[in-house]
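Visitor: A predicted structure for the sequence below; I have some questions about it.
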Amino acid sequence: MSDAIDTRHLARLARLALDHKNTERLQTDLRNIIAMIDAMDAVSTEGIAPMAHPLDATQRLRRDEVTESVDRELLQASAPLTADGYYLVPRVVE
C-alpha cells in the first residue's frame, strides 16, 4: 500500500472539517491503524477454526414457548379503518 494517505479527501468524504493540526494527527492515527492491520494480517491462521466468541462460554437459553396471545379485535378497535384483520390506510402513491 502507498504510504501517502489523502486525509483531505477522506475528511471530505466523512464530512469532517479538519485544521492542519488535526489533519496531521489523523494521518498518524491512520498509519498506526494500517500498520496494526498489516501486523494482524501477517499472522498465520492456517488450521485455526473460526470462533463466534473469544471466550469459551455457552449461552443459557430459555425454552421457546408461546407465552402471550394477540387479541386482534381489541387492538384494532381504536383504528379508523380495518378489513379482514388488516389496518386500512389512505393511498399516498398514485
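Guide: Now that the structure is in, tell me what you want to look at. Numbering: from 1, shown residues only.

Visitor: number of nearby residues for residue 28?
Guide: Neighbour count for residue 28, taken as other Cβ atoms under 10 Å: 12. In short, each C-beta sits where N, CA and C put it, glycine included.

Visitor: And the one 5 residues further on, by the same measure?
Guide: Other residues near residue 33 number 10, with proximity taken as other Cβ under 10 Å.

Visitor: Report the buried residues of the helix or strand encompassing it.
Guide: Per DSSP states H and E, residue 33 falls inside helix 20-42. Going by neighbour count (16 or more other Cβ atoms under 10 Å), the buried part of helix 20-42 is 26-27.

Visitor: Kindly export the next helix or strand after that helix (C-alpha atoms) in PDB.
Guide: Per DSSP H and E, the first helix or strand lying C-terminal to helix 20-42 is helix 72-76. As requested, the backbone C-alpha atoms of helix 72-76 are provided in PDB (Å, rounded to 0.1, in the frame of the first residue of the first chain):
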ATOM      1  CA  ARG A  72     -56.600  -8.600  17.100                       C
ATOM      2  CA  GLU A  73     -60.100  -7.300  17.600                       C
ATOM      3  CA  LEU A  74     -59.200  -5.500  20.800                       C
ATOM      4  CA  LEU A  75     -56.000  -4.000  19.200                       C
ATOM      5  CA  GLN A  76     -57.900  -2.800  16.100                       C
END
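
Visitor: Run through the neighbouring helices and strands of the helix or strand of the chain with the lowest mean pLDDT.
Guide: Least confident helix or strand of the chain, by mean pLDDT, DSSP states H and E, is helix 7-13 with a mean of 87. When contacts are defined as 3 or more Cβ pairs under 8 Å, 6 or more residues apart in numbering; DSSP states H and E, helix 7-13 packs onto helix 20-42.
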